[in-house]
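K.L.:
Everything below, folded, please.
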Amino acid sequence: VTGVVIAIIADWKLALIIICVIPLTGIQGYANVKFLNGFSQDAKMMYEDASQVATDAVSSIRTIASFCCEKRITRIYDRKCRASVNQGVKTGIVGGIGFGFSYLTLYLTYGLCFYVGGQFVRQGKSNFGEVFKVFFALVLATMGVSETSAMASDSKKAKDSAISIFTLLDRVSEIDSRSNQGLILDEVKGNIDFQQVSFKYPSRLDIQIFHDFTLHIPSGKTVALVGESGSGKSTVITLLERFYNPDSGTIQLDGVEIKSLNINWFRNQIGLVSQEPILFDDTIRANIAYGKDGDVTEEELIAAAKISNAHEFISSLPQGYGTFVGERGAQLSGGQKQRVAIARAILKDPKILLLDEATSALDAESERIVQNALDHVMVGRTTIVVAHRLSTIKGADIIAVLKDGAIVEKGSHDSLVNIKDGLYASLVELRSASP
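P.N.:
Okay, the predicted model is just below:
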């Protein structure tokens, strides 16, 4: 605005001529941004695909090495990069053309100013000083607009990246684990009820996991969930932990819907031991201590480790409880990691215990040791077991057989194996026939 005022005061005729040209620079910059819009977004997605291949390769390097897939992964990465490079070339060409046009309009504005100014000086309508006042007041302003247009490619990349980041930051979770709202029960007995629950995973809306699913789990009892892969066994645990909310129906703890309970308090009542225990790159002591919110005494750690049959092997290590387990527990065997995870769950002293294929990845000896630890832990607790091995489920109080997200059989091991042509009996026969 100041430049326009100065130019008009110096020579209003020349100033008006130049002002009429300046919008062309802005229009060119706008058109450049529009052209780059699709190119930039496509290039960003291609770079993300290539980065994902590299990330997966590094995190799964042992699997890749064992299958001698290094060259194959390299070819896949090269192909992904080649696509992004080709897209980058197209983006560069479009951006370069826009860059060239932005400076073309800038230099044409220079030439127009000097040409018209020179004509005015020759005709005696203006003088050299006034022409240069208009030039520096308006043409330098045009330069700013032109250089802004020249950065359209970079600004578009920055905008697309910022949109991705702020979309993630602004996303509001349906389940807020930081919330302090909700009920806290005075006493937890451990009765669990799934009542007409329907559910689909948000990432797979075309697949119905549960439809009117109903299951009662009595307090202090052990319920085993069995069935083929994809029947919904692990989803029961996922919903009970409130990682997701059901689409319809209710899940209740002691007659109270879990949605109305304080989320942190509720999760503190649950101990989870999964098939692949997650250990942090820290000491065994620190990993077990994660099970309890607050300070943990050495006596509590050792007591939990003894119950989980972990104290003996931990004590045999040179640094004992101060031993670093490595990234994801890489320094420990599968059975040792599982026992540390069980100790972590025991330290929590949960009223409800969830065992999701807790022994399926172990050898026979490790399974025996871990199962003995679990048998001690399960006493007096409401326990839900997801497993395939008969040795894990046959001792359960109730066995629920799932198929296509519904319970088709329920009862004890002895009652279910006697059902002629029953699904559980077929599974038992299949497992017994396996070597």
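K.L.:
Correct me if wrong: Trp232 contacts Ile407.
P.N.:
In this structure residue 232 is Gly, not Trp. No. The criterion here is C-beta atoms under 8 Å, and Gly232 misses it with Ile407 at 9.5 Å. For glycine as for every other residue, the C-beta is placed from the backbone atoms N, C-alpha and C.
K.L.:
ranges for the strands of the stretch 101-250 of the chain?
P.N.:
Secondary structure of the stretch 101-250 of the chain (DSSP state E, counting those that start in this stretch): strands at 192-199, 210-217, 222-227, 248-253.
K.L.:
In CSV, list the C-alpha atoms belonging to the last one.
P.N.:
As requested, C-alpha coordinates have been extracted for strand 248-253 and formatted as CSV (Å, rounded to 0.1, in the frame of the first residue of the first chain):
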residue,chain,number,x,y,z
SER,A,248,-24.1,-51.7,19.5
GLY,A,249,-24.9,-53.7,22.6
THR,A,250,-23.2,-53.5,26.0
ILE,A,251,-20.3,-54.9,27.9
GLN,A,252,-20.8,-55.0,31.7
LEU,A,253,-18.6,-55.5,34.7
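K.L.:
And the next helix or strand past it?
P.N.:
strand 256-257 (DSSP states H and E).
K.L.:
ok, residues contacting stretch 413-430?
P.N.:
Identification of contacts with stretch 413-430 by C-beta atoms under 8 Å, 6 or more residues apart in numbering yields Val226, Gly227, Leu390, Ile393, Lys394, Gly395, Ala396, Ile399, Val401, Lys403, Val408, Glu409.
K.L.:
again, but for stretch 185-192
P.N.:
Residues from elsewhere that reach stretch 185-192 (C-beta under 8 Å, 6+ apart): 215-220, 240, 251-256, 261, 269, 351-352, 381-382, 384.
K.L.:
on that earlier part again, among the contacts of stretch 413-430, which ones are buried?
P.N.:
For those, a burial check counting by 16 or more other C-beta atoms under 10 Å picks out Val226, Gly227, Ile393, Lys394, Gly395, Ala396, Ile399, Val401, Glu409.
K.L.:
Isn't the fifth one up against Thr222?
P.N.:
So the one you mean is Gly395. Yes. Counting by C-beta under 8 Å, Gly395 touches Thr222, with 7.5 Å between them.
K.L.:
Among the contacts of stretch 413-430, which pair sits farthest apart?
P.N.:
Gly395 and Lys403 (22.5 Å; C-beta to C-beta).
K.L.:
how far away is the residue nearest the centre of the chain from Ile27?
P.N.:
Geometric centre of the chain, nearest residue: Leu168, 10.2 Å, by C-alpha atoms, centre = their mean. Between Leu168 and Ile27 the distance is 34 Å, computed by C-beta to C-beta, to the nearest Å.
K.L.:
what's the answer for Ser66, then?
P.N.:
Remark: distance between Ser66 and Ile27 (C-beta to C-beta) = 59 Å.
K.L.:
Ile64 too?
P.N.:
52 Å.
K.L.:
Settle it for me: which of the two has more neighbours?
P.N.:
More crowded of Ile64 and Ile27, by other C-beta atoms under 10 Å: Ile64, with 16 against 12.
K.L.:
ok so, going back, hey, which of the strands of the stretch 101-250 of the chain is tucked in deepest?
P.N.:
Most buried of the strands of the stretch 101-250 of the chain, by mean neighbour count (mean count of other C-beta atoms under 10 Å): strand 222-227, with a mean of 24.
K.L.:
now that strand against strand 210-217, angle please.
P.N.:
Counting by axes from the mean of the first three to the mean of the last three C-alpha atoms, to 10 degrees, strand 222-227 lies at 150 degrees to strand 210-217.
K.L.:
for the helix or strand that Gly92 is a member of, packing partners?
P.N.:
Element membership for Gly92 (DSSP H and E) is helix 70-122. Contact partners of helix 70-122 among helices and strands, from 3 or more C-beta pairs under 8 Å, 6 or more residues apart in numbering; DSSP states H and E: helix 2-59, helix 128-134, helix 140-150, helix 152-169.
K.L.:
Give me the pLDDT for Gln252.
P.N.:
Gln252 carries a pLDDT value of 90.
K.L.:
Now do the nearest residue to it once chain neighbours are set aside against Thr250, distance only.
P.N.:
Nearest residue to Gln252, sequence neighbours excluded (C-beta to C-beta, 6 or more residues apart in numbering): Asp193, at 4.4 Å. Distance, Asp193 to Thr250, using C-beta to C-beta: 8 Å.
K.L.:
worst-scoring helix or strand of this structure, pLDDT-wise?
P.N.:
helix 140-150 (a mean of 61; mean pLDDT, DSSP states H and E).
K.L.:
what ranges of the chain fall below the confidence cut-off?
P.N.:
Applying pLDDT under 70 to the chain flags residues 1-4, 22, 25-26, 28-43, 139-157, 160, 358-367, 370, 391, 431-435.
K.L.:
quick check: domain ranges of it?
P.N.:
Per automatic domain parsing, the structural domains of the chain span 2-169, 192-433.
K.L.:
how about CSV for those, with distance to Asn180 added?
P.N.:
Shown next, in CSV, are the domains of the chain (distance: least, C-beta to C-beta, whole Å):
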stretch, distance to Asn180
domain 2-169, 22
domain 192-433, 7
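K.L.:
which one of these has the most crowded surroundings?
P.N.:
Among these, domain 192-433 has the highest mean neighbour count (mean count of other C-beta under 10 Å), at a mean of 18.
K.L.:
how far is that domain from where the chain is centred?
P.N.:
Relative to the centre of its chain, domain 192-433 is centred 22 Å away, using C-alpha atoms, centre = their mean, to the nearest Å.
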